[in-house]
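Undergrad: Provided below are the primary sequence and the corresponding predicted coordinates.
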Amino acid sequence: MNRYKLCIKGKNPDYFLKKIIEKKINIYEVNKNSKELFIVVDSDGYDKICHIKTSYKINVIEVSGLLKIKYLINKYFFFVFFFCLGILLNVFLSKIIFDVDVVHSNGYIRNIIYDDLENFGISKFKFKVSYDEKKKIINKILDKEKNNIEWLEIEEVGTKYIVKVEQRKLNDKEDVCSNRNIVAKKNATILEIYADSGEVVKKKFDYVLKDDVIISGVIHNKEDIVSNKCAKGKVFGEVWYKVNVSLPVNYYNVRNTGKSSYRIGFYFLNKEFVLFNNYDTYKKKDIINLGNMLLPVGINFSKYYETIETKKIYSLNNSLDKVYEIAIEKLKLKIGKDDVILSKKVLKKELKNSKIIVEVFFKVKEDITSYKDIVIDEAKEEGV
């Protein structure tokens, strides 16, 4: 049966009950207290009550029967509508490519692959291709770029294609090498010397200044200069660095993990819901936002960036690991990726203005190889 359970609030509930009885409205259940009247009526009775002009507050607290289904549909129509629309839109958008990333260090190779992919139908904001079609595209690119490309793979990650490529290695012609010395690129203590040609004029553990000759292209026979040639080789040395680190006592950091995805989100009554979101913390950039200020519902299509939040309270005693982590990150901006950190040491540490100030000393094994052309006058001076 279709029934409405109503709560009627006012100064004199008995007076309102009397008005209902006068209008011959069927009442199936009555409960009351000093200021509230609880009644159960059918749909016809509810319509008549709604047309009574009164200052009493009338609230529907329960609906039964088919009316309950209709009532819930009316109440949550926009929520259900946007939820279903979100699912359909998310399925549709999952079939589209929103990013294509060619992974290779050579800019020329990346550009020709981007151009080939676009020519064969793979680019941003186009529909994804099938597995068989993707294989055909890979074979077409390999055939077209057979002089440049050895191997290529297209990996699908969400709505992104990651293209991995290996460049074909050709036998390069040997570079013309002028008469030169190998000199120190910076002040260092020599750790290793590998000489392919030329005279080694320094030895292991010698301290050298920038531009000091280590492997000479000036070849001597006793005190006479026999010839000038191209010195070839590598020199590794120990280089010293000082890195200053400032670490807040109340440390808070948010960093991106590098992962991102496109998702449908919708909000209802100031709460946001994201479909198929697997990120605990994230930042987002709205691309499409559909909403109305008059309605408590809306939908958006956004790019979500996964983040990691770090909160910690540091002291002089428990901050050493974090200090080294930050110092190494700063040091790597100065040195090459193949250089090796030999040792590290804290020179001084203090607490100042709610910050931990630390100076860290590093010893680094670096390639200190540099080159300097031989000038005739220099060659004569070395022979004096």
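TA: Looks like it arrived, so ask away. Numbering: from 1, shown residues only.

Undergrad: which residue, other than its chain neighbours, is closest to residue 121?
TA: In space, and not counting its chain neighbours, residue 121 is closest to residue 129: 6.4 Å by CB to CB, 6 or more residues apart in numbering. Yep, even glycine has a C-beta here, placed from its N, CA and C like the rest.

Undergrad: and that neighbour, which of the three is it?
TA: Secondary structure for residue 129, judged by DSSP: H, G, I helix; E, B strand; the rest coil, is coil.

Undergrad: same deal with residue 79?
TA: Residue 79 falls in the helix class when you classify it by three-state DSSP.

Undergrad: same deal with the one 3 residues further on?
TA: Following three-state DSSP, the label given to residue 82 is helix.

Undergrad: report the central residue of this structure.
TA: When CA atoms, centre = their mean is applied to the chain, the residue found nearest the centroid is residue 258 (2.7 Å).

Undergrad: looking at this, that one is in a helix?
TA: No. With three-state DSSP as the criterion, residue 258 is strand rather than part of a helix.

Undergrad: okay, it: pLDDT?
TA: On the pLDDT scale, residue 258 is placed at 80.

Undergrad: without its sequence neighbours, what residue ends up closest to it?
TA: residue 306 (7.9 Å).

Undergrad: surely that neighbour and residue 277 touch.
TA: No. Under the criterion of CB atoms under 8 Å, residue 306 is not in contact with residue 277, lying 9.8 Å apart.

Undergrad: relative to residue 307, how far out is residue 254?
TA: Separation of residue 254 from residue 307 (CB to CB, to the nearest Å) stands at 5 Å.

Undergrad: next, show the common contact partners of these two.
TA: Taking CB atoms under 8 Å, 6 or more residues apart in numbering as the contact rule, residue 254 and residue 307 both touch 281, 283.

Undergrad: between those two, who's got more neighbours?
TA: More crowded of residue 254 and residue 307, by other CB atoms under 10 Å: residue 307, with 16 against 12.

Undergrad: quick one: contacts for the closest residue to residue 64 other than its chain neighbours?
TA: Leaving aside its chain neighbours, residue 64 sits nearest to residue 3 (4.6 Å; criterion: CB to CB, 6+ apart). Counting by CB under 8 Å, 6+ apart, residue 3 makes contact with 28, 40-42, 63-65, 67.

Undergrad: from residue 157, how far off is the residue nearest to residue 121?
TA: Residue 129 sits 15 Å away from residue 157, going by CB to CB.

Undergrad: ok, the two, which is more surrounded?
TA: Neighbour count, other CB under 10 Å: between residue 129 and residue 157, residue 129 has more, with 18 against 12.
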